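Novice: Quick check, what structure comes out for this input:
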Amino acid sequence: PQTYVENAGDPYQKQIEECVELVMAAVGAQYEWTLCFQSRVGPVKWLQPYTDEVLRELGERGVKNLVVVPISFVSEHIETLEEIDLEYREVAMESG
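Specialist: As a prediction, this is how the structure comes out:
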């Protein structure tokens, strides 16, 4: 939840942002990229932008090809992989 970062000083968001910056610097600047967050649960506000909303926005912009790369929770959370592989694929396909 966003309150963990704002109120409790959880370094998660900063660490993820730094990690993505380093990965993309290594890959090269020729690719457009967006950092977004998934797995929101319940009524609390989570880190944004949300992945499903970003996928819809990309579809509205006419993006036809994309790669979703999980940066955290990639090995210990099988539901994260299911969410990316199945649920977000469906959102992307429906969005164009």
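
Novice: distance between the lowest-mean-pLDDT helix or strand in the chain and the chain's centre?
Specialist: Within the chain, judged by mean pLDDT, DSSP states H and E, the helix or strand with the poorest mean is helix 78-82; its value is a mean of 74. Taking CA atoms, centre = their mean, to the nearest Å, one finds helix 78-82 lying 13 Å from the centre of the chain it belongs to.

Novice: and the gap between the residue nearest the centre of the chain and residue 16?
Specialist: With distances taken as CA atoms, centre = their mean, residue 36 lies nearest the centre of the chain, 3.1 Å away. Note on residue 36: its distance to residue 16, by CB to CB, to the nearest Å, is 10 Å. Using the backbone N, CA and C atoms, a C-beta is placed for each residue, glycine as well.

Novice: Residue 45 now?
Specialist: Residue 45 sits 17 Å away from residue 16, going by CB to CB.

Novice: again with residue 46
Specialist: Relative to residue 16, residue 46 is positioned 13 Å away (criterion: CB to CB).

Novice: Sweet, I'm off.
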